[in-house]
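Visitor: Starting from these lines, generate the structure:
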Amino acid sequence: MLDSMELNKMSQLDLREINPDDLVNADNITVDPSLPQMERIEQYLEQIHNPYCFMSGDTPVRVCFAETEKTLSGALIDYFIRLSKK
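Guide: Numbers count the residues shown, from 1 in each chain. Below you'll find the predicted structure:
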């Protein structure tokens, strides 16, 4: 299992400096839904290698999180409200 230092280092990587051929394609990952939650997480992390940088189809993806209280749901609601006002 990855420790917090390894995860922190992975989160700092710049996607532009990573060879896309070195990234795991998330579309090919399978997790056994019958396993307990922690085992599913471990199974996913073992397969993805870096949960912050991976491929989705032909698209490289980098996941990052902002230091904010705002949730993804709140951000999406705000986004769609702004779209509806245009």
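Visitor: Name the residues that touch the lowest-mean-pLDDT helix or strand in the chain?
Guide: Ranked by mean pLDDT, DSSP states H and E, the helix or strand of the chain with the weakest confidence is helix 4-11, at a mean of 85. For helix 4-11, the external contacting residues (Cβ atoms under 8 Å, 6 or more residues apart in numbering) are 2, 50, 51, 52, 53, 64. Where C-beta positions appear, they are placed from N, C-alpha and C, glycine not excepted.
Visitor: go on, stretch 75-86?
Guide: By Cβ under 8 Å, 6+ apart, no surrounding residue is in contact with stretch 75-86.
Visitor: buried set for it?
Guide: Residues of stretch 75-86 classed as buried by neighbour count (16 or more other Cβ atoms under 10 Å): none.
Visitor: if we can go back for a sec, quick one: which of the contacts of helix 4-11 is most hemmed in?
Guide: Tallying neighbours with other Cβ atoms under 10 Å puts residue 53 at the head of the contacts of helix 4-11, with 23 neighbours.
Visitor: Contacts only, for that one.
Guide: Contacts of residue 53 (Cβ under 8 Å, 6+ apart): 10, 13, 15, 18, 23, 60, 61, 62, 63.
Visitor: Against residue 32, how distant is the closest residue to the last one other than its chain neighbours?
Guide: The one in question is residue 63. Of all residues not flanking residue 63 in the chain, residue 52 sits nearest, at 5.1 Å (Cβ to Cβ, 6 or more residues apart in numbering). Per Cβ to Cβ, to the nearest Å, residue 52 is found 23 Å from residue 32.
Visitor: Tell me the one of the contacts of helix 4-11 nearest residue 40?
Guide: residue 51 (13.1 Å; Cβ to Cβ).
Visitor: Let me see the backbone angles for the closest one.
Guide: Residue 51 has phi and psi values of phi -70, psi -10 when expressed as degrees, to the nearest 10.
Visitor: swap in residue 58?
Guide: Per degrees, to the nearest 10, the backbone of residue 58 is at phi -100, psi 10.
Visitor: Then residue 54?
Guide: Here is the backbone geometry of residue 54 (degrees, to the nearest 10): phi -160, psi 180.
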